[in-house]
Structures are given as structure tokens and as C-alpha cells.
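*Asks:* What follows is a predicted structure for the sequence shown.
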Amino acid sequence: MTDEEKHLWYDFLKKLPVTVNRQKVIGNYIADFYIASAKTVVELDGAQHYEDGAREYDAKRDSYMKGLGLSVLRFTNRDVNSNFDGVCQAVLTHIGMKFEGDQ
């Protein structure tokens, strides 16, 4: 896991009262985080996601996930580093949980 993935996992996702899987295999893809009860994939995008061909690959991947009835939430590493509470709030809002700050 990247530093940002570790931060999101250990300081937030791992503490949620729902099961969150790390590095979940879904078809031919690996989701950074998967919340089955909310049918939600959470992806953290580092610099490699902005290289040639990466956006097209991510779009294809997201389309596949959506075809399975899953929602895909994408955040940049910068989002995690500069607006951690905002990322946490967005995840909680999406999965229908209340944000309690300082997770």
C-alpha cells in the first residue's frame, strides 16, 4: 500500500463499523478498498493515474465496476494529504453513515 492508502486504512476505513476489504480482486481488477455492504469501491489515485493511457484504463475499469452495480469513489493522493476529513466525509456520506470527525 502507498502511504496515502495506509493513512486512509489505518486512520479511518479500518475503524468503520462495516467490513472494508483492502486490495479486493474484482474480475480482472484489484480495488484499493471495497465496502461490500455499500457496493462501493474506493480508489486512491497517485501520479501514475495521469500518465499516458491511464485515464482510459481507469475509465474502462470504472465502467466494468459500474456494470457490476458498484459505485466507484476516486480520490487523489493529494486529497488524502490535504483534505483527509473531507475524503472521510465523502466516503461516509456515500455509504450513508454520519461523520464524527477525527476518526
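*Replies:* Yes, it's here.
*Asks:* residues contacting the one residue sitting closest to the centre of the chain?
*Replies:* In the chain, the centroid-proximal residue (CA atoms, centre = their mean) is Val42; its distance is 1.5 Å. Residues near Val42 by CB atoms under 8 Å, 6 or more residues apart in numbering: Leu8, Leu13, Ala31, Asp32, Phe33, Tyr34, Ile35, Leu73, Phe75, Val91. Using the backbone N, CA and C atoms, a C-beta is placed for each residue, glycine as well.
*Asks:* wait, isn't the third one in contact with Thr40?
*Replies:* No: with contacts counted by CB atoms under 8 Å, Ala31 stays clear of Thr40, the gap being 9.4 Å.
*Asks:* residue ranges of the helices in this structure, please?
*Replies:* Counting by DSSP state H, the chain has helices at residues 3-11, 54-67, 77-82, 84-95.
*Asks:* helices and strands of the chain: which one has the lowest mean pLDDT?
*Replies:* Confidence across the helices and strands of the chain bottoms out at helix 54-67, with a mean of 90, counting by mean pLDDT, DSSP states H and E.
*Asks:* in that one, what's buried?
*Replies:* Within helix 54-67, the residues that count as buried by 16 or more other CB atoms under 10 Å are Asp58, Arg61, Asp62, Met65.
*Asks:* Nearest residue to Lys66 in space, ignoring adjacent ones along the chain?
*Replies:* Nearest non-adjacent residue to Lys66, counting by CB to CB, 6 or more residues apart in numbering: Val72, 6.8 Å away.
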